[in-house]
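1. From the sequence below, what's the structure:
(one chain, ligands or ions: 1)
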Amino acid sequence: MNKKCVGIIGLGSYVPQRIMTNKELEQRMDTSDQWIVERTGIHERRVAAENESTSDLATKAAQKALEDAKLSAAEIDLIIVATASPDMVFPATACVVQENIKAVNAAAFDISAVCSGFLYALITGSQFIKAGMYRKVLVIGAETLSRFTDWSDRNTGMLFGDGAGAAVLGETPEGYGILGVDLGADGGGAELLKIPAGGSRHPATNETILQKQHFIHMNGNEVFKFAVKVMGETTLKALKNANLTASDITYLVPHQANIRIIQSAAKRLGMPMEKVVVNINKYGNTSAASIPIALDEAVKSGTIKSGDIVALAGFGGGLTWASSIMKWCK
Ligand code: UT7
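-> Numbers count the residues shown, from 1 in each chain. Alright, predicted model coming up:
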């Protein structure tokens, strides 16, 4: 049996400077600051500058994570970027990041699991190290969903924001790092959250543009019900794989989609909100970037410390879900 322990040995995040407040959204759609705060917990979100794309945000987060891990880019063996808003259909955004940071020895590919993407990437990347193929893997969750958001659509316009978070994975001391994980998908729910056009099913035409088919379309109520159920379930499965229970968790870092979803997941796990890392108020839902940004902030602020049991849990389009339990080692 392979007993190699793998975990996060460096973290970094980056959000664009431009802040878009709920008040600003009131000018663009039929909504109110009060409704958005009460129903989602979001006060403001970040929006990428015109000349900033997903790879630019990812690059900045990656550079900070490398610095935190005290590694040079040349020491990275693999880069995985999780994104639903890549620079282009192809090549992979991970290849653009590889060139930007000069990770000349790294393989590079993207993962598409929408808001669960960072955890899909983390779990995938850790397997390469466990298997002995690679020593250092850079995983990044990065999004510019503002480019795919219809600011006049009250179903989706208030939810999303831009940002990036990165983690360097490497071997950890025994007993530290990733202790248990869970990954899952239900393609039966693929229609609930999607960008309908721009792919091979509905290539771009004048019509797809006029019909706003290149923006995010979502059945919010159904996604909400799914999220409330799956967030607790996936965390419990990963805990079981780690031979732990919910009472062992020091901090839960959930995907930041809606404060009510986060609260219900905490309740399901019997956790007080003091043990839950929340930053949705500042950034909205940054999809694949939300967990690594929240984790980075919690670690850098000294909230999460060495020896803590940290649960990461997310859900997203696909439908997909994922979770990881780790013993913090930095
Ligand atoms: O990363 C995964 C991404 N997606 C998600 O996590 C989304 C999950 N879903 C949600 O977060 C919620 O379903 C939303 C925030 C999208 C919507 O909240 P809700 O509590 O489910 O609202 P609703 O659609 O059930 O609508 C409730 C009321 C309605 O008014 P009436 O019929 O009660 O008078 C809506 O017309 O709120 C109204 N409403 C709004 N009002 C102001 C719906 N959207 C808005 C809005 N501003 N943006």
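2. Around the ligand, pick out the residues from the stretch 201-330 of the chain.
-> Proximity of the stretch 201-330 of the chain to the ligand, by Cβ under 6 Å from any ligand atom, involves residues 218, 220-221, 223-224, 227, 257-258, 285, 316. Any C-beta I mention is one placed from the backbone N, CA and C, and that applies to glycine too.
3. What about those, which are in helices?
-> Using DSSP state H, the subset of these located in helices is 220-221, 223-224, 227.
4. can you tell me which of the residues of the stretch 201-330 of the chain next to the ligand lies nearest to residue 6?
-> Among those, residue 316 lies closest to residue 6 (Cβ to Cβ), at 23.4 Å.
5. tell me the contacts of the residue nearest to residue 126 when sequence neighbours are not counted?
-> Closest residue to residue 126 apart from its sequence neighbours, by Cβ to Cβ, 6 or more residues apart in numbering: residue 6 at 4.5 Å. Residue 6 makes contact with 126, 129-130, 169-172, 177-178, according to Cβ atoms under 8 Å, 6 or more residues apart in numbering.
6. per-residue pLDDT, residue 6?
-> Residue 6 is assigned 97 on the pLDDT scale.
7. quick one: it from residue 144, how far?
-> Distance of residue 6 to residue 144, computed by Cβ to Cβ, to the nearest Å: 29 Å.
8. show me what contacts residue 187?
-> By Cβ under 8 Å, 6+ apart, residue 187 lies in contact with 318-319.
9. for the residue most central in space within the chain, what are its contacts?
-> The centroid of the chain falls nearest to residue 288 when counting by Cα atoms, centre = their mean (2.5 Å). Contact analysis of residue 288 by Cβ under 8 Å, 6+ apart lists 82-84, 113-118, 121, 141-143, 316.
10. Run a quick neighbour tally on the closest residue to residue 263 other than its chain neighbours.
-> Leaving aside its chain neighbours, residue 263 sits nearest to residue 273 (6.7 Å; criterion: Cβ to Cβ, 6+ apart). By the criterion of other Cβ atoms under 10 Å, residue 273 has 12 neighbours.
11. any idea how far residue 273 is from the ligand?
-> From residue 273 over to the ligand the distance is 18 Å, taken as Cβ to the nearest ligand atom, to the nearest Å.
12. Next, residue 172: phi, psi?
-> Taking degrees, to the nearest 10, you get phi -120, psi 160 for the backbone angles of residue 172.
13. ok, it - contacts?
-> The contact partners of residue 172, by Cβ under 8 Å, 6+ apart, come to 5-7, 9, 329.
14. again, only using 10 Å
-> Counting by Cβ atoms under 10 Å, 6 or more residues apart in numbering, residue 172 touches 4-9, 129, 178, 326-330.
15. would you list the residues you listed in CSV and tack on distance to residue 18 and secondary structure?
-> Converted to CSV, the contacts of residue 172 look like this (distance: Cβ to Cβ, whole Å; DSSP: H, G, I helix; E, B strand; the rest coil):
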residue, distance to residue 18, secondary structure
4, 42, coil
5, 40, coil
6, 36, strand
7, 34, strand
8, 29, strand
9, 32, strand
129, 37, helix
178, 35, strand
326, 33, strand
327, 37, strand
328, 32, coil
329, 35, coil
330, 31, coil
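16. Show me where the chain dips below the pLDDT cut-off.
-> Applying pLDDT under 70 to the chain flags residues 1-2.
17. Where do the strands of it begin and end?
-> 6-14, 19-21, 44-46, 78-82, 107-111, 137-143, 163-171, 177-185, 193-194, 217-218, 251-254, 309-316, 320-327 (DSSP state E).
18. separation between whatever residue of the stretch 1-150 of the chain ends up closest to the ligand and residue 275?
-> Among all residues of the stretch 1-150 of the chain, residue 31 sits closest to the ligand, at 3.2 Å; criterion: Cβ to the nearest ligand atom. Counting by Cβ to Cβ, the gap between residue 31 and residue 275 amounts to 31 Å.
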